[in-house]
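In: after the sequence you'll find the predicted model.
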Amino acid sequence: MSKLRIFRNRNLLILVPIISSLLLVVLACGGDDGDTASDSSAAAPAAKPTATTAAAKPAKAAESKAPAATGGPSGTLTAALKTVGTPIGTPGLCVPGCANEKYFYSAFDTILQWHVDGKVVPAVAESWELASDLSSFTWHIRPGIPFHTGGAGGGGKDWGEVTAEDVAFSFDQVNSNTNPESVHDVAGDMSCCYGPTTVIDTYTAETEIIAYDSRAPGWLMTNLRDSFGISSKKVYDEFGSDGMREVFVGSGPYQILEWTQGDRVVLEAVDHYRKTPDVKTVTLLEVPEEASRIAMFKAGEAHITHTSLPNVSVLEDAGGVKRLLEVSIRHIGMNPNFLEKINPKTGEKLDNPGFDPSFPWVSDPFADGCNWDVLLEVVPDEADVCDEMNNPRKVRRAMSMAIDRDALVEGLLNGLGKPGCNWAISVDNAAHKDEWCMKHDPDGARALMEEAGQGPFTIGIWVGNEPQEIHQAVSSMWEQELGITTEYHTGPFSVWQPTFVDRSFQHLVFDGEQGGMPAHYAKGREAQAWFAGGIMWSGGIPFYQRIYGNMLGESDEGKRTAMAIEFGDHEEFWDWDPTLWEEPIYTVYTGSYMDWELESTSMHTQSSNFIYPLEDITLK
C-alpha cells in the first residue's frame with residue numbers, strides 16, 4: 001500500500017511518568033479530540049425493541065405528527081464540527097460514516113424511529129409485522145411522504161413520494177448479500193441476518209430474514225446506531241450509481257442544500273410528517289481544530305460544538321449546556337487472530353489471508369497437537385491449551401497488564417472517565433464482573449513474557465490519518481515495560497477497507513464500543529464471521545462466532561444476558577480485545593440561544609450525531 005505511511009513510535013515517545021503533566025498541557029491547548037477508529041455510541045435506555053415481542057402492526061405514534069412552531073420554521077443555527085463527513089449520495093457506495101451522517105443531519109428518514117424513551121416507533125413504515133416463524137419483516141409504508149425537491153444535485157425536480165420500491169432499493173443497496181459491492185456501515189450487520197427486500201405493492205415491502213436478530217427492528221432499522229436512510233429509486237434510475245454520488249434527495253425534516261467535503265453542510269427545514277422543525281436554516285461548519293471550535297463557541301459564532309472531555313467544562317463556563325451522548329469503551333483489537341474455520345452464514349470454509357502465527361500475539365490452534373475446539377469453550381482448562389495457543393495468550397495478557405489505565409484516565413481524560421474492563425459490557429452494567437478488570441502489573445507482565453519465551457518485538461497499529469495521544473501513551477507503556485516497539489500505519493479508512501473485509505488486515509486497531517448498549521444485545525461484533533462481507537477489524541474469534549449467533553436467535557432476554565456474561569468470562573481468559581477506558585461523550589450547546597427537548601436519540605459518537613436531532617431544537 002504505497003499511499004500509506006509507517007513510522008515508529010520512538011519518534012513520538014511519551015514516557016509514562018509525564019503523562020499526567022505533558023498530555024494535560026496538550027489537551028488544554030486544544031489538541032485534537034480524537035474520534036474512535038469506528039463507531040462508539042450514545043446513551044439510550046436499555047429497553048426491549050418492539051420486535052422482540054413480535055407485536056403486529058403497532059399503533060401509529062402520536063409524536064409522528066408533532067406540529068411545527070407557530071408561523072413555521074424561522075431563524076438560523078450554526079454548529080462547528082470536527083468534520084462534516086463524506087458526501088456520497090449512492091447508498092451502497094457510502095463509506096462508514098456517510099450513511100449515518102445523512103440521517104443524523106435529519107435529511108434522510110430511517111424505516112423506523114428510536115424514541116427517547118427506548119421504544120421503536122413508526123416512521124417511514126407506519127406499521128410493521130414480524131412473521132410468526134421469524135422468516136420476514138413486512139413494512140407498511142406511510143402514504144404521502146414526499147422526497148425533497150430542493151435536495152442538492154436533484155435539479156429541483158419532483159421525485160414523488162416514498163414507496164415500497166424505494167424501501168426495497170435502499171435495503172438491497174446496503175446489504176452485502178444483495179449488493180456484494182456495498183461498503184456501507186451496515187453491510188456486515190445486514191449480511192448476517194437479511195436476504196432481499198421485495199415489493200409487495202405500492203406501500204408494502206417484505207424483508208427476508210435468514211437469521212433472526214433478537215435486537216431487531218431497533219437495531220439497523222432505526223436511528224439507534226448504525227443504520228441507513230431511505231433513498232429514491234427514481235434518483236438512482238436517472239443518475240446511475242456514480243451519478244447519484246452527488247445527489248442528496250431524502251425525506252427527512254431537513255433537506256440538504258449544500259454538502260461540501262472539508263467545508264460545510266447547509267440544511268433547510270421542510271414540512272414533515274413526523275415533526276416540522278422550528279429552525280429554518282442550519283449550517284454545519286467543518287472546524288478540525290478543537291481550539292478553533294472553542295473560540296467560535298465562546299464568540300457566539302457556533303451554537304453547538306464538541307471537544308475533548310477535559311475541555312467540556314471550558315464550554316460550560318462560556319454558557320454551554322452539555323448533553324450526554326454515550327459512554328465510549330475504548331479497546332484494542334489484537335489482529336490478526338483470524339482463527340475461525342467456517343462461515344456461519346454459508347457453511348463454507350473461510351479464507352484467513354491475514355492469519356500469521358509468527359506474530360508473538362497470534363495464537364495458532366492449527367499447529368500440530370493443538371485442539372482447536374478449546375476455542376469454543378467459555379473458559380478452557382489451561383492444561384488443555386497447547387503452547388502455540390497459550391504462549392501468545394500470555395503475550396496478549398502481558399501487554400494488557402503493562403497498561404496503566406488509571407494513568408491514561410488521569411492524564412488524557414482529566415480523571416473524568418474510568419478504567420474499562422470489558423470491551424462490550426460497561427463497568428456500570430449489572431452484568432459486569434470485577435474479575436474482568438485487568439490490574440496494572442508490570443512485574444507480572446514481564447514474568448508472563450518470560451514464561452512465554454518471548455523477548456522484545458515490533459507491533460503495528462493502524463491509527464487512521466495520524467496517531468492520537470492514546471496510541472502514543474499505550475505504545476510508550478509497552479516500550480518502557482516490555483521493550484515492545486510500535487509502528488504506526490496511517491491512511492484513511494477507504495484505503496484500508498478492503499483488508500478489513502477480506503480478513504487480510506494484520507495490525508492492531510484502537511476502537512470504541514458503546515457503553516450504553518444493553519448487555520443482552522449480541523456480543524462480538526466485527527470480530528467474527530457473521531460479519532463476513534463487512535468490516536472485521538477485531539480478528540476472527542470462534543467463540544465470538546458461536547455466542548453472537550446464539551444471542552441473535554435467542555428470544556429470552558435473561559438467557560441472552562447469561563450468554564453475555566460467558567462472553568466476558570471468555571474474553572477475560574484469552575485477552576483477544578483488551579479494554580482501556582470508558583469515556584463519557586458530550587455535545588454542548590448554547591443554553592441562552594436554544595432549547596433541546598429530545599424526542600429521538602441515538603447511540604453514536606461520530607461527529608454528525610453531535611447535532612442530532614435538529615428537529616427537536618427550538619430557538620429562544
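Out: In hand now; what should we look at?
In: just the strands in the stretch 401-550 of the chain please.
Out: 418-419, 458-462, 485-489, 508-514 (DSSP state E, counting those that start in this stretch).
In: walk me through which strands the last one pairs with, and which way each runs.
Out: Using DSSP bridges, the strands paired with strand 508-514 are strand 320-333 (antiparallel), strand 458-462 (parallel).
In: residue 516: which of these is closest?
Out: Using Cβ to Cβ as the measure, strand 320-333 is the one of these that comes nearest residue 516, at 5.2 Å. (C-beta placed from N, C-alpha, C; glycine too.)
In: give the buried residues for that closest one.
Out: 320-323, 325-333 (16 or more other Cβ atoms under 10 Å).
In: adding distance to residue 515 and pLDDT, write those out as a markdown table.
Out: Shown next, in a markdown table, are the buried residues of strand 320-333 (distance: Cβ to Cβ, whole Å; pLDDT from 0 to 100):
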| residue | distance to residue 515 | pLDDT |
| --- | --- | --- |
| 320 | 23 | 98 |
| 321 | 22 | 98 |
| 322 | 17 | 97 |
| 323 | 16 | 96 |
| 325 | 11 | 92 |
| 326 | 6 | 92 |
| 327 | 3 | 94 |
| 328 | 7 | 94 |
| 329 | 5 | 96 |
| 330 | 10 | 96 |
| 331 | 11 | 97 |
| 332 | 16 | 97 |
| 333 | 17 | 95 |
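In: next, format the strands paired with strand 508-514 as JSON lines and append distance to residue 523.
Out: Below are the strands paired with strand 508-514 laid out as JSON lines (distance: least, Cβ to Cβ, whole Å):
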{"stretch": "strand 320-333", "distance to residue 523": "12"}
{"stretch": "strand 458-462", "distance to residue 523": "23"}
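In: to residue 428, which of those lies closest?
Out: strand 320-333 (7.6 Å).
In: which of the strands of the stretch 401-550 of the chain sits closest to residue 204?
Out: Closest approach to residue 204 among the strands of the stretch 401-550 of the chain is made by strand 508-514 (32.9 Å; Cβ to Cβ).
In: residue ranges with poor pLDDT in this structure?
Out: 1-70 (pLDDT under 70).
In: show me the longest helix that occurs in it.
Out: helix 557-574 (DSSP state H).
In: buried ones in it?
Out: Buried, per 16+ other Cβ under 10 Å, within helix 557-574: 557, 560-574.
In: how far does whichever helix or strand comes after it sit from its chain's centre?
Out: Next helix or strand after helix 557-574 toward the C-terminus (DSSP states H and E): strand 579-590. Distance of strand 579-590 from its chain centroid, counting by Cα atoms, centre = their mean, to the nearest Å, is 14 Å.
In: and the angle for strand 579-590 with strand 508-514?
Out: 50 degrees (axes from the mean of the first three to the mean of the last three Cα atoms, to 10 degrees).
In: list the buried residues for the helix or strand just after strand 579-590?
Out: Elements were assigned by DSSP H and E; along the chain past strand 579-590, the next helix or strand is strand 594-596. Residues of strand 594-596 classed as buried by neighbour count (16+ other Cβ under 10 Å): 594, 596.
In: now stretch 456-471
Out: 459, 461, 462, 463, 464, 467, 468, 469, 470, 471.
In: cool, and stretch 239-252?
Out: 239, 244, 245, 247, 248, 249, 250, 251, 252.
In: secondary structure added to these, as a markdown table?
Out: A markdown table is the format used below for the buried residues of stretch 239-252 (DSSP: H, G, I helix; E, B strand; the rest coil):
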| residue | secondary structure |
| --- | --- |
| 239 | helix |
| 244 | helix |
| 245 | helix |
| 247 | coil |
| 248 | coil |
| 249 | coil |
| 250 | coil |
| 251 | coil |
| 252 | coil |
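In: which one of those is nearest to residue 354?
Out: Closest to residue 354, out of all of those and judged by Cβ to Cβ, is residue 245, at 30.2 Å.
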